[in-house]
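Undergrad: this one's structure only:
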Ligand SMILES: Nc1ncnc2c1ncn2[C@@H]1O[C@H](COP(=O)(O)OP(=O)(O)O)[C@@H](O)[C@H]1O
Ligand SMILES: [Mg+2]
């Protein structure tokens, strides 16, 4: 089963990378970019087909390793196609 | 308008990050993780409401800045909710 | 004092710290392997710099889950001394033994240079060789050294006196008032090092072990180790 | 076709299905597509006595590529002196080795990663560093220093800023993660690199004298172990690609980019050094260009042996790889080693403890044949010597470029009205501006040996447990080389010797990276031959042997070639790190002495100078003459002044001449200087060689002048340090520039040019 985990810096935390990208886009002529946030995406292939169990396992992975709760939020997508939930 | 761009290392290319994460998950007891790929996710807020135009602009952004076509694939999601297309 | 230097896969300042403890200060020092579960009776544990597991996820995140770190946690909870330098600091943050988190440097680039630090407390084992307000010159070498936490938590940290080192100008001015270049990575409130409430766990981004012998150009870092291993006043004075 | 149906393991030339896999039939056209000429293909046919299999063709063409075989360069490289009192291992192994005295030796080498870095700068540069580190630890030496010599195009050229950023990040991220300090290097900007940047990576390791390892597969019956990362499709044909110019075709032929995994490298490094201590390793070599093919064949060649390899046992990252791909993959962070039979378990145990995969994939055999099997079939059976030492060798035609005389014609030299203004303009250029933006992204102090890091003439590393230091420098002036490759080649060696002497170091040996265009063009071959000759002359005169090196040809796009770029990385020994002079002024009131001969009016040397090129857009003339005897005398004097502690600061004169050298000495402490000279403002920028500046305490002035006299080096006191300006008095006229202003211009030049 394929899942996607998306991890973004928490809203209230400065996102220098997102800011740098927005500025770089501006410099090369992309106007109209109002905001960019930069996060991480993980595509995880899990054994088994039990979606509920997988959801629990992924939650735990996020809490234990994939995200740092002090500065990051995460979301899990087990959707038919691997579509991440973006930022929560 | 909000869009999500997801960038992953191309399939045939070594993904040291994904490999390290898979191994780390294994070490802390998550069995059944068959594969992990590590990518980037960008949430982009664009001015205007023309989805088609936005799609074209995002394509260009990906080619010029957000992704490195030599080693990365990207996907663009303009879906109602910000759901990234995961790996192409 | 018996000292242990933790070796994670990817640690690369382990030998440097070992050298200072063992050869410069003459302490009984050993390496501690990440996969072991015991600290083999050491009094001071140092988590050295480097790129544990390549820092491929977040700096320090994967190392924080090592079996040995569980032992480090018990050691810290029992009041034992723990020092985390650079990647070691990042590991301590990831374990929650110290508050806050690290983000990428303000310029999003690795940065290796000398910085100036103000000693904010001189009553910890690690800082008893310094005087409060003293300015040290130490090297940094990191890509993720931007210390961050919520305003509320930062206030609490300051109030509890847990900020041990701050990036300052050569004259000791706090960076908010001076050129941002003196706060090289953009850390919140120019924080370079923090301790836990009890004061037995210290994490810092700069590398005192790289400034512990005259031949390296500075010995400002030596007193930190000398203090931590419990040297007497006279030896401490020598170390300065 | 199953294994049982294969005809007894012998090679069927027409086999188009190997172990059930479709393979293209081997034809002369396919051989040509692999870069073999018709004669080379003939040579292969006669060496085999039959047509090669697909795998054999792949292996042979990779090993016969310019990159692996040195077929065009070898006859010239023989001119370089390779022996000397300190040399323990000359060219031919993975790295050269020199004696550091006491228990210690140093292994070092430089290598190019030009083509991959142009395609993907970050990974190209990163894997360049990774490869050179493996070359060093393969010898049993722990890497303790990296240098990078980088040659970029004009910053306004397409992709150039992206290339600079990517290369610098790549070098940094890799070395930083492995924990080896990058302590020096060189950075050049010149439009000749617009379409082909050069990335030359150097590494040095130290080892105990009796712990050196070699890559000689000996002892038939000894198992061959594969260690490290798994094999993927990365970089298949990398070696052949490095043996072609860029063109439309190479775009299409792009192999999968090699991705560096510095964490895997760090683990591999620690595990290899530990495994070497078991005493159960006979030989070890990394898998670099042409992957398993070159490492296996080179090890067998050096050992005078053969081997059988079962390619089914090679750990793969992905399915679907056939023997051809397995042999040619350039996946990174892999090692091939020969263990003592019966003791392989003790080796394997070390690697497993570090979490690394280790697999026995074959064994050493007598008789000099390499037999490869896959899916139960023999897919290659090659005579090792015929493919390695008997590879084709060429003495390619060489001809002086038609426009050489025109380019060497003496240039007109516009007068500098105000030397301060000219100095500002030079310091503001990325060419002469500070490279701090680059080297601050490199960890240069890890391992706590860095006594002198980047930014000076030479880096110095403490050899712990002793008082001596290892000095390192990388030098070449491609503009000089383009105008006169022989002089340029000699100048690179001489400048390196001078830079080492500025920290008091005696040279022990050098490694060179010869970056040139297409050797099939006679002008390029002429440049190559001349440059090597110049280097050889300088090496002999200055007594510096060449212990390792690398040749990179085909650095051209369309018919535009890079400037000839023979990078010289030199290693020296500092007898006492406690009396090291600084590269910059230390205290006010010190006397400044100019050593060496500044040519009189009318003879000042401006050919290929920074002054003409950067301020007047003129790149012509003969480069400054290199007087090797004068260089030898100067270097000897500099070492004496350093060792006796007479010199507080030493710095040699290079691009930008006296004016730039003086300014550079002011920067570190913001300390000015007042000098008076019988020169015209313009002549301050002449680039005559064999010159250096000394600053000494007033009481030591007499000693400096006397030492110079004894050494036969012209010396004049030109002024003293102090104040906050750099002030010149030239024939009665006074000029000055505030040091703070110059420092600002110089230190921001590169980030400004990069538009950061
Ligand atoms: N790419 C680089 N990596 C590391 N150090 C560098 C690099 N480029 C320049 N440096 C440092 O800056 C010094 C001055 O650079 P440069 O002016 O190019 O050299 P040189 O003094 O040999 O003419 C070098 O000696 C080296 O210490
Ligand atoms: Mg120099």
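TA: That came through fine. Since the model is a prediction, treat every value here as computed from it, not as a measurement. Ligands and ions are numbered 1, 2, ... in the order given.

Undergrad: residue D:34 and residue D:61 touch, don't they?
TA: Yes. Under the criterion of Cβ atoms under 8 Å, residue D:34 makes contact with residue D:61 at 3.7 Å. The way it works is simple: take the backbone N, C-alpha and C, and place the C-beta from them, glycine included.

Undergrad: in chain A, where is pLDDT below threshold?
TA: By pLDDT under 70, the weakly predicted segments of chain A are A:80-88.

Undergrad: repeat for the stretch 1-150 of chain D
TA: Using pLDDT under 70, the stretch 1-150 of chain D drops low at D:1-20.

Undergrad: now the strands for it?
TA: For the stretch 1-150 of chain D, the strands defined by DSSP state E, counting those that start in this stretch cover D:17-18, D:21-22, D:87-89, D:96-101, D:104-112, D:142-152.

Undergrad: can you give the distance of the second one from its chain's centre?
TA: A distance of 40 Å separates the centroid of the chain from that of strand D:21-22, by Cα atoms, centre = their mean, to the nearest Å.

Undergrad: same check on the last one?
TA: In this view, strand D:142-152 has its centroid 7 Å away from the chain centroid, taken as Cα atoms, centre = their mean.

Undergrad: quick one: that strand near ligand 1?
TA: Yes. Shown here: strand D:142-152 in contact with ligand 1 (Cβ under 6 Å from any ligand atom) through D:148, D:150.

Undergrad: spell out which residues of chain D are next to ligand 2.
TA: Applying Cβ under 5 Å from the ion, we find that chain D lies next to ligand 2 at D:457, D:499, D:652, D:654.

Undergrad: export the residues you listed to a markdown table and tack on distance to chain C and neighbour count?
TA: Formatted as a markdown table, the residues of chain D next to ligand 2 follow (distance: Cβ to the nearest Cβ, whole Å; neighbours: other Cβ atoms under 10 Å in any protein chain shown):
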| residue | distance to chain C | neighbour count |
| --- | --- | --- |
| D:457 | 17 | 27 |
| D:499 | 20 | 31 |
| D:652 | 22 | 26 |
| D:654 | 25 | 22 |
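
Undergrad: my read: residue D:205 touches residue D:146, true?
TA: No. Contact criterion Cβ under 8 Å: residue D:205 and residue D:146 do not qualify, at 10.2 Å.

Undergrad: sec struct for residue 74, please.
TA: Here I'm looking at chain A. Assigned by DSSP: H, G, I helix; E, B strand; the rest coil, the conformation of residue A:74 is strand.

Undergrad: oops, wrong one, chain C.
TA: Classification of residue C:74 by three-state DSSP places it in helix.

Undergrad: what's the burial count for it?
TA: Using other Cβ atoms under 10 Å in any protein chain shown, the number of residues around residue C:74 comes to 12.

Undergrad: quick one: residues contacting it.
TA: Neighbour list for residue C:74: empty [criterion: Cβ atoms under 8 Å, 6 or more residues apart in numbering or on different chains].

Undergrad: would you mind measuring from it to ligand 2?
TA: 54 Å (Cβ to the ion, to the nearest Å).

Undergrad: please apply the same query to residue D:163.
TA: For residue D:163, the distance to ligand 2 - Cβ to the ion - is 25 Å.

Undergrad: which strand or helix spans that residue?
TA: For residue D:163, the host element (DSSP states H and E) is helix D:160-178.

Undergrad: got the angle for that helix vs strand D:142-152?
TA: Interaxial angle, helix D:160-178 versus strand D:142-152 (axes from the mean of the first three to the mean of the last three Cα atoms, to 10 degrees): 180 degrees.

Undergrad: helix D:160-178: which residues count as buried?
TA: Residues of helix D:160-178 classed as buried: D:160-161, D:163-178 (neighbour count, 16 or more other Cβ atoms under 10 Å in any protein chain shown).

Undergrad: list the contacts of stretch D:660-673.
TA: With Cβ under 8 Å, 6+ apart as the test, stretch D:660-673 has contacts from D:423, D:426-427, D:432, D:434, D:582-588, D:592, D:610, D:649, D:651-654, D:675, D:685, D:693, D:695, D:719-727, D:739-740, D:742-743, D:746-747.

Undergrad: now, of the residues you listed, which are buried?
TA: D:423, D:426-427, D:432, D:434, D:582-586, D:592, D:610, D:649, D:651-654, D:675, D:685, D:693, D:695, D:719-723, D:725-727, D:739, D:742-743, D:746-747.

Undergrad: out of those, which are close to chain A?
TA: Counting by Cβ under 8 Å from any Cβ of the partner chain, nothing from these sits close to chain A.

Undergrad: in chain D, which residue is most central in space?
TA: Note on chain D: the residue nearest the mean C-alpha position is residue D:110, at 3.2 Å, using Cα atoms, centre = their mean.

Undergrad: spatially nearest residue to residue D:688, not counting backbone neighbours?
TA: Spatially, and ignoring its direct neighbours in sequence, residue D:688 is nearest to residue D:605 (4.8 Å; Cβ to Cβ, 6 or more residues apart in numbering or on different chains).

Undergrad: ignore what I typed, I meant residue D:191.
TA: Nearest non-adjacent residue to residue D:191 (Cβ to Cβ, 6+ apart): residue D:154, at 4.6 Å.

Undergrad: the one you found contacts residue D:189, correct?
TA: Yes. Under the criterion of Cβ under 8 Å, residue D:154 makes contact with residue D:189 at 6.7 Å.

Undergrad: name the residue in those two with the higher neighbour count.
TA: When residue D:154 and residue D:189 are compared for neighbours, residue D:189 comes out ahead with 22 against 15, by other Cβ under 10 Å.

Undergrad: right, I'll call it a day here.
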